[in-house]
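Student: Mind folding the following:
(6 chains)
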There are 4 protein chains.
Amino acid sequence: MPEGGHLPLLKKEKKTKYLRRQQEVLDAAAAVIARKGYHGASTTDIAGELGVAQPSLYYYFASKDEALEEICRIGTAGYLERLQAIMDGTGATRNKIRDAIRAHIEPVRTIPNYVKSFQRERRYLPAERRHELGRLIGEYDKLFRLLLESGVSAGDLKPDLDCELAALMLITQCNVAQYFVGDDVSLDRTSTAIADVFLTGAEL
Amino acid sequence: MPEGGHLPLLKKEKKTKYLRRQQEVLDAAAAVIARKGYHGASTTDIAGELGVAQPSLYYYFASKDEALEEICRIGTAGYLERLQAIMDGTGATRNKIRDAIRAHIEPVRTIPNYVKSFQRERRYLPAERRHELGRLIGEYDKLFRLLLESGVSAGDLKPDLDCELAALMLITQCNVAQYFVGDDVSLDRTSTAIADVFLTGAEL
Amino acid sequence: MPEGGHLPLLKKEKKTKYLRRQQEVLDAAAAVIARKGYHGASTTDIAGELGVAQPSLYYYFASKDEALEEICRIGTAGYLERLQAIMDGTGATRNKIRDAIRAHIEPVRTIPNYVKSFQRERRYLPAERRHELGRLIGEYDKLFRLLLESGVSAGDLKPDLDCELAALMLITQCNVAQYFVGDDVSLDRTSTAIADVFLTGAEL
Amino acid sequence: MPEGGHLPLLKKEKKTKYLRRQQEVLDAAAAVIARKGYHGASTTDIAGELGVAQPSLYYYFASKDEALEEICRIGTAGYLERLQAIMDGTGATRNKIRDAIRAHIEPVRTIPNYVKSFQRERRYLPAERRHELGRLIGEYDKLFRLLLESGVSAGDLKPDLDCELAALMLITQCNVAQYFVGDDVSLDRTSTAIADVFLTGAEL
DNA sequence: TATGAATGAGCCTTCATTCAT
DNA sequence: TATGAATGAAGGCTCATTCAT
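Tutor: Here you go, the predicted model:
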């Protein structure tokens, strides 16, 4: 279970400190990778962000690949569980959908660099891990689709809704949301707009 | 208008052949860059795609940068004009919107590698060209927003529609459309789904 | 003052060792460049001279250009000061001239590769640094000319001496001296011969 | 005897035209090599100087090396003969020396690019040709030395003159002369100054 | 805990050269 | 007579990684 990969044998008391520092290293890596792309981000850039010498990174990660893996792991953590929890709730479909959108967008606020890195750079993961992630994403897509389908079944959504596509559309809409957030466009406004348009449409 | 960069002094009759070959080189570059990303795509990869030696590329392009520039130029060509033409038409708002979506998605079918490369790799362009493209994109976004605003004015769209955001949402929705096109999901189906959901919403 | 270019963040105690090694690298570069010319000397040649892998050089210099800059800096260091010191002295003009010649030739003995590289390869420096060096050389030429002019004023040299040209002639004479030094021609003999001929001429 | 190397089988009438064009190509090569150095001058630069496509050069020369060989041949042609002729004359030593200086400097005026290229770039010649040239230079140096020695024997020059070194000094002095020719320094003035200083010295 | 030093692999690019036309 | 097209070799440089300390 040492998901964080690489991990020297340490006395328990040291371990916490080590993990904390590893987190900082990861934050720096995620920041630089989000900004410059995986191949555009050199380990020197990342070390520079931290103010340490470049080989020091290798004390926390066995390779750049591994760091990306860990970043993607963090950037995707909890999505399935949160969506499942929402679906298990009892509210109206429209509220479940609003919640799902908010839940999906939330990490964009809290860990934006992890999310961006995962979204745009996961294709550079080693094949195995990439496929593993692909399966996870597939499950999430399916779950989201189930949410819509149950809405249709419940008579809350249009009976002819293309649930498969609609799910993908909602998800990608949330994913790109961050890129048009700016000085005058907040995440909340975006989140609401996505839900409003999706549920009620633009036409009078 | 298609500057095409680099161009040895050639007699007119040979020029056509040269430009045709340059186009092939560009196609290969776009294909590899779309697949592997700009930094992930080596000039050796591109040459391999063409079955030529790697320095041969430099007979057609002065640099990898320049090739990306040209790819982005092609990948963005005509968008503004097509959207403007649609807006200048006389149909109902809903039809204009459907047309705009189809027009935006169309290049995804015809020149997918150029579109993908532009969308994902433009940030690696040299600063000047990148900013130039940024301005172009800004204009397009604004034009799309005007389309929606005129729909609101005409009483075809909801008076409280957040046109700025809605425009961005539609555009990005179209942009990502290609990534969920697969064996059983066609571009047409996607195009229709985007329009349907946007116009009428998912709720009954 | 010796900028030394490139310099990783090092603890003070390590700095000395780093600078010493940098000096060795520079020595090797100067040797190869003096032998083969700037463009004829590949970084691989230089690394070979040191017995290290070629990229190792980049730990000590940011670029080949920068190494040439540093070589030229060293190859020109102190000339102005030494000449000025001689001119500030109180001896007879003839002795000052002999001293100036010896001073000019001295680095040819101590750091021949730096001097040769500077003399023959400075034209390949980046424009800015090249112009900077040009100004330095101009000042030196002027100072040397002043030395001769003061000799004329003092009545030690012929009143019709073309001091401008004579200065250039002496300087270049010293510069090329190294190329005819061989088994039976020493620097001392050369240095004396230059001064003798210049002062008293060859005719009876 | 086809010294010009490379030479296709041509009817006699065409030959002249071919040789004339070859001369132009050589002039261009010498110009660019003088300006940028042998390794700094690309065949593309040379072709650009001529306004032709770059492979066209290979119609006149088998290789860049060969062009340099030919340039050096031209740049050194006649020196020995001219000096010999002067020595065979009957004038006073001082006039022979003045004539020798003028003769040595003359090509700097007429074919400066060949002279510069020869002087600075001959070390990049293929070994054999380089050594051959070295022998020629050696002969010239010896002849010049004989001129001085005969002057000493005739009682025209100081009996203790270091003729070996003095010859080298004069020659190199002439060689570098061109580099300080400028707006206000002519070749004539330089030529005279060299002779004056050499013969009578600078001291009163 | 962290780093100084070094390196193999690989990248983009330039260049002299070739050859069919 | 000249060139369009292509290429092998090499060049300078960057990068992820290693390892002794």
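Student: Return the residues of chain A in contact with chain C.
Tutor: A:A53 (Cβ under 8 Å from any Cβ of the partner chain). C-beta: built from backbone N, CA, C; applies to glycine.
Student: Output the below-cut-off pLDDT ranges for chain A.
Tutor: Residue ranges of chain A with pLDDT under 70: A:1-11.
Student: ok, now with 90
Tutor: A:1-18, A:109, A:177-190, A:202-204 (pLDDT under 90).
Student: mind listing what's buried in the helix or strand hosting A:R145?
Tutor: A:R145 belongs to helix A:127-153 when assigned by DSSP states H and E. Within helix A:127-153, the residues that count as buried by 16 or more other Cβ atoms under 10 Å in any protein chain shown are A:129, A:133, A:137, A:140, A:143-149, A:151-152.
Student: Packing partners of the next helix or strand after it?
Tutor: Scanning forward in sequence from helix A:127-153 by DSSP H and E, the next helix or strand is helix A:163-177. Applying 3 or more Cβ pairs under 8 Å, 6 or more residues apart in numbering or on different chains; DSSP states H and E, one finds that helix A:163-177 contacts helix A:93-110, helix A:127-153, helix A:187-200, helix B:163-177, helix B:187-200.
Student: Could you point out which of the ones you listed sits nearest C:S186?
Tutor: Smallest distance to C:S186 across the helices and strands packed on helix A:163-177 (Cβ to Cβ): 69.9 Å, for helix A:127-153.
Student: Do the closest one and DNA strand F come into contact?
Tutor: No - using Cβ under 7 Å from any atom of the strand, we find that helix A:127-153 stays clear of DNA strand F, coming within 13.7 Å at best.
Student: So which elements touch that helix?
Tutor: Partner elements for helix A:127-153 (3+ Cβ pairs under 8 Å, 6+ apart): helix A:64-76, helix A:79-88, helix A:93-110, helix A:163-177.
Student: would you turn those into TSV with mean neighbour count?
Tutor: Formatted as TSV, these follow (neighbours: other Cβ atoms under 10 Å in any protein chain shown):
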stretch	mean neighbour count
helix A:64-76	22
helix A:79-88	15
helix A:93-110	19
helix A:163-177	22
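Student: for DNA strand E, what are the nearby residues on chain A?
Tutor: Contact residues, chain A versus DNA strand E (Cβ under 7 Å from any atom of the strand): A:8, A:10, A:14, A:17-18, A:21, A:52-56, A:58-59.
Student: Now distance to C:I111 too, for the helices and strands packed on helix A:163-177, in a markdown table please.
Tutor: As requested, the helices and strands packed on helix A:163-177 are exported to a markdown table (distance: least, Cβ to Cβ, whole Å):
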| stretch | distance to C:I111 |
| --- | --- |
| helix A:93-110 | 61 |
| helix A:127-153 | 56 |
| helix A:187-200 | 64 |
| helix B:163-177 | 62 |
| helix B:187-200 | 71 |
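Student: Nearest to A:L68, out of those?
Tutor: Once the helices and strands packed on helix A:163-177 are compared by Cβ to Cβ, helix A:127-153 is nearest, at 8.6 Å.
Student: Can I get the helices and strands packed on helix A:127-153 in JSON lines including distance to A:A29?
Tutor: Output for these, formatted as JSON lines (distance: least, Cβ to Cβ, whole Å):
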{"stretch": "helix A:64-76", "distance to A:A29": "5"}
{"stretch": "helix A:79-88", "distance to A:A29": "21"}
{"stretch": "helix A:93-110", "distance to A:A29": "17"}
{"stretch": "helix A:163-177", "distance to A:A29": "21"}
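Student: Which of those sits closest to B:R109?
Tutor: Shortest distance between B:R109 and those, using Cβ to Cβ, is found for helix A:163-177: 16.7 Å.
Student: that older thread, nearest to C:R94, out of the helices and strands packed on helix A:127-153?
Tutor: Ranking the helices and strands packed on helix A:127-153 by proximity to C:R94 (Cβ to Cβ) places helix A:64-76 first, at 69.6 Å.
Student: I'd like to know which elements that closest one is packed against.
Tutor: Going by 3+ Cβ pairs under 8 Å, 6+ apart, helix A:64-76 lies up against helix A:12-36, helix A:112-121, helix A:127-153.
Student: Can you add distance to D:E69 and give those helices back as TSV?
Tutor: Output for the helices and strands packed on helix A:64-76, formatted as TSV (distance: least, Cβ to Cβ, whole Å):
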stretch	distance to D:E69
helix A:12-36	51
helix A:112-121	56
helix A:127-153	57
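Student: So for A:D184, which of those sits nearest?
Tutor: helix A:112-121 (18.2 Å).
Student: Show me what that closest one is packed against.
Tutor: Using 3+ Cβ pairs under 8 Å, 6+ apart as the test, helix A:112-121 ends up in contact with helix A:12-36, helix A:64-76, helix A:93-110.
Student: Show me the contact partners of it.
Tutor: Helix A:112-121 is contacted from outside by A:27, A:30-31, A:33-34, A:37-38, A:68, A:71-72, A:74-76, A:107-108, A:175, A:178, B:120, using Cβ atoms under 8 Å, 6 or more residues apart in numbering or on different chains.
Student: one step back: will you turn the helices and strands packed on helix A:112-121 into TSV that also has distance to C:G91?
Tutor: What follows is these, written out as TSV (distance: least, Cβ to Cβ, whole Å):
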stretch	distance to C:G91
helix A:12-36	65
helix A:64-76	67
helix A:93-110	81
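Student: Between the ones you listed, which one is closest to C:I46.
Tutor: Comparing the helices and strands packed on helix A:112-121 by Cβ to Cβ, helix A:64-76 comes nearest, at 30.0 Å.
Student: Any part of the closest one near DNA strand F?
Tutor: Yes - using Cβ under 7 Å from any atom of the strand, we find that helix A:64-76 touches DNA strand F at A:K64, A:D65.
Student: just how off-centre is that helix within its chain?
Tutor: 11 Å (Cα atoms, centre = their mean, to the nearest Å).
Student: and the angle from it to helix A:112-121?
Tutor: 110 degrees (axes from the mean of the first three to the mean of the last three Cα atoms, to 10 degrees).
Student: Helix A:64-76 vs helix A:12-36, what angle?
Tutor: Using the same axes, to 10 degrees: helix A:64-76 against helix A:12-36 is 90 degrees.
Student: quick one: contacts of helix A:64-76?
Tutor: A:3-6, A:25-26, A:29-30, A:33, A:38, A:43, A:57, A:61, A:107, A:111, A:114-119, A:121-122, A:124-126, A:129, A:133, A:136-137.
Student: What of stretch A:171-179?
Tutor: By Cβ under 8 Å, 6+ apart, stretch A:171-179 touches A:101, A:104-105, A:108, A:112, A:115-116, A:119, A:140-141, A:144, A:187, A:190-191, A:194, A:198, B:169, B:172-173, B:175-176, B:179-180.
Student: Export that stretch to PDB, keeping only CA atoms.
Tutor: Extracted as PDB, the C-alpha positions of stretch A:171-179 are listed here (Å, rounded to 0.1, in the frame of the first residue of the first chain):
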ATOM      1  CA  ILE A 171     -18.100  16.200 -17.100                       C
ATOM      2  CA  THR A 172     -15.900  17.800 -19.800                       C
ATOM      3  CA  GLN A 173     -17.800  21.100 -19.200                       C
ATOM      4  CA  CYS A 174     -16.800  20.900 -15.600                       C
ATOM      5  CA  ASN A 175     -13.300  20.000 -16.500                       C
ATOM      6  CA  VAL A 176     -12.700  23.000 -18.700                       C
ATOM      7  CA  ALA A 177     -14.500  25.300 -16.400                       C
ATOM      8  CA  GLN A 178     -11.300  26.300 -14.700                       C
ATOM      9  CA  TYR A 179      -9.900  27.800 -17.900                       C
END
